[in-house]
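Student: Have a look; sequence and predicted model below, questions after that.
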Amino acid sequence: MNSSSRYTRRSFFRQSALAGLAAGAGGPLVDLVRAAAETSAPRAPTSVAFTTGTDRAAMVFQGLKPFAERIRRAIAGRRVVIKPNNVAIDVLLSATHVDCLEGILEFLKSIGRTDNIVIAESAGAGPTFDGFGNYGYTRLADKYGVKLVDLDQEPVEVVQVFDEKDFRPHAVRMSQVLLDPNSYLISATRLKTHDRVIATLSLKNLIVGAPIKDTGFRWGPSSRPGAKNDKPLIHGSGFRGINYNLFAIAQRLHPHVSVLDGVEGMQGNGPVGGTPVDHRVCVVSPDWLAADRVAVELMGIDFAKVGYLNYCAQAKLGEANLAKIEILGPALKDQVKPYHLHDNVAEQLIWMRPVQG
């Protein structure tokens, strides 16, 4: 068993507290010297931390530890935004588990960060705060003194996206909280299969959470008359449209750190209606593309079939070559567990074929 699996909840919190004391020993001058040294040093290889076990909080904490100094410097003077995945507000398997968020908050505390942290989401299918309550986020926020933010109630910026039906730009209202360069974005989500892009991981969690919806919007007859939801516009009216839009927006909006919880993943008809996978893995990296690439491998999915990630790799938005990714943890090949894909997977792969004239 991997050593990360043997961490108890007690040792996890004790280590967090001790690391927090150590983080306070430095100062601004030390930070400047370290930053200057790292700027002039050769670029380190892309690293992805990989842990196994069943204690989500401890696994996330251990996954973040190798990047502690890098993250501590990057968050200085910035708001930390933790973006969970609440595509539904009442389906636990589809949502980011509260223990995953707790691991992130304990890590931040261990590097001396306890303020200016928000957990922010625009839920996909109902009132965001209903989801926060259903999944235990309200209790967690009270415990750590962090703020819960409904992105639907925050300022927006209009971004243009592509639609494959008319090949014209379409205006989408997107959250300024996520688009703000002063926001340090941590994307925290499960490993899940998807009905449009094969797999939904850290990049997609962040981008599709950014478009907002009007107050009172719900899917179905209970929605407030006239209430609109801008999220479907990202889908671009088809499998080609959504893959291109995710790639295009990723050039501006992407995670600064990806935390992918695969203790219990979702396979089949995700992102909401799938079935559980007892996988017991966790993937963490400041290179979001490398993290998503490793997650795809662990899910037993052919990377060539995931359109938006291939586009991002082609544009060199991160590292997608497994041979160039340093794995901090056990061998990936020993932890691969093939996920059943969505029933419509053959239709999803239309993005791989040329458009017929």
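Tutor: Received the coordinates, thanks. Numbering: from 1, shown residues only.
Student: the strands in the stretch 251-357 of the chain, which residues?
Tutor: Counting by DSSP state E, counting those that start in this stretch, the stretch 251-357 of the chain has strands at residues 257-267, 275-285, 325-328.
Student: of these, which approaches N243 most closely?
Tutor: Using Cβ to Cβ as the measure, strand 257-267 is the one of the strands of the stretch 251-357 of the chain that comes nearest N243, at 18.9 Å. (C-beta placed from N, C-alpha, C; glycine too.)
Student: now the angle from the closest one to strand 275-285?
Tutor: 160 degrees (axes from the mean of the first three to the mean of the last three Cα atoms, to 10 degrees).
Student: Pretty sure P66 sits against V48.
Tutor: No - counting by Cβ atoms under 8 Å, P66 sits too far from V48 to count as a contact (9.6 Å).
Student: quick one: common contacting residues for these two?
Tutor: Common contacts of P66 and V48 (Cβ atoms under 8 Å, 6 or more residues apart in numbering): L328.
Student: got JSON lines for the strands of the stretch 251-357 of the chain, with mean pLDDT too?
Tutor: Listed next are the strands of the stretch 251-357 of the chain as JSON lines, based on pLDDT from 0 to 100:
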{"stretch": "strand 257-267", "mean pLDDT": "98"}
{"stretch": "strand 275-285", "mean pLDDT": "98"}
{"stretch": "strand 325-328", "mean pLDDT": "98"}
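Student: Check those for me and report the most buried one.
Tutor: Sort those by mean neighbour count, taking mean count of other Cβ atoms under 10 Å, and strand 257-267 sits at the top with a mean of 26.
Student: Run through the neighbouring helices and strands of that one.
Tutor: Counting contacts by 3 or more Cβ pairs under 8 Å, 6 or more residues apart in numbering; DSSP states H and E, strand 257-267 is packed against helix 56-64, helix 98-110, strand 183-193, helix 202-209, strand 275-285, helix 288-298.
Student: Give me the contacts around the last one.
Tutor: Residues lying outside helix 288-298 but in contact with it, judged by Cβ under 8 Å, 6+ apart, are 46-48, 50, 187, 191, 199, 201-203, 254-258, 260, 262, 279, 281, 283-285, 303, 306, 309, 312-313, 317-320, 322, 325, 327, 332, 335-337.
Student: Only the buried subset of those, as a ChimeraX command please.
Tutor: Listed next is the ChimeraX selection for buried residues among the contacts of helix 288-298, using 16 or more other Cβ atoms under 10 Å:
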select :46,47,48,50,187,191,199,201,202,203,254,255,256,257,258,260,262,279,281,283,284,285,303,306,309,312,313,317,318,319,320,325,327,332,335,337
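Student: ok now do E347, which residues does it touch?
Tutor: F239.
Student: re earlier: is it possible to get JSON lines of the helices and strands packed on strand 257-267 that adds distance to H170?
Tutor: Output for these, formatted as JSON lines (distance: least, Cβ to Cβ, whole Å):
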{"stretch": "helix 56-64", "distance to H170": "36"}
{"stretch": "helix 98-110", "distance to H170": "33"}
{"stretch": "strand 183-193", "distance to H170": "24"}
{"stretch": "helix 202-209", "distance to H170": "15"}
{"stretch": "strand 275-285", "distance to H170": "32"}
{"stretch": "helix 288-298", "distance to H170": "25"}
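Student: out of the ones you listed, nearest to F167?
Tutor: The nearest among these, by Cβ to Cβ, is helix 202-209 at 20.7 Å.
Student: Can you give the distance of whichever helix or strand comes after that closest one from its chain's centre?
Tutor: Using DSSP states H and E, the helix or strand that follows helix 202-209 in sequence is helix 231-234. Distance of helix 231-234 from the chain centroid (Cα atoms, centre = their mean, to the nearest Å) equals 18 Å.
Student: With stretch 233-251 instead?
Tutor: Chain-centre distance of stretch 233-251: 17 Å, with Cα atoms, centre = their mean.
Student: Can you dump the C-alpha atoms of it in CSV for me?
Tutor: Taking C-alpha atoms only, stretch 233-251 is exported to CSV below (Å, rounded to 0.1, in the frame of the first residue of the first chain):
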residue,chain,number,x,y,z
LEU,A,233,-24.0,28.4,-24.8
ILE,A,234,-20.5,27.0,-24.0
HIS,A,235,-21.7,23.7,-25.5
GLY,A,236,-21.7,25.4,-28.9
SER,A,237,-24.7,23.4,-30.2
GLY,A,238,-22.8,20.2,-30.6
PHE,A,239,-19.8,18.0,-29.9
ARG,A,240,-17.5,20.0,-32.1
GLY,A,241,-18.7,23.3,-30.6
ILE,A,242,-18.1,22.4,-27.0
ASN,A,243,-14.6,20.9,-27.6
TYR,A,244,-13.5,24.1,-29.4
ASN,A,245,-15.0,26.4,-26.9
LEU,A,246,-13.3,24.7,-24.0
PHE,A,247,-10.0,25.0,-25.8
ALA,A,248,-10.6,28.6,-26.8
ILE,A,249,-11.6,29.8,-23.3
ALA,A,250,-8.8,27.8,-21.7
GLN,A,251,-6.3,30.2,-23.1
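Student: Report the buried residues of it.
Tutor: Those would be 233-236, 238-250, for stretch 233-251 by 16+ other Cβ under 10 Å.
Student: Mind listing residues that contact it?
Tutor: Contacts of stretch 233-251 (Cβ under 8 Å, 6+ apart): 159, 161-165, 170, 172, 196-197, 203-204, 207-208, 210-211, 307-308, 311-312, 315, 317, 347-351, 355.
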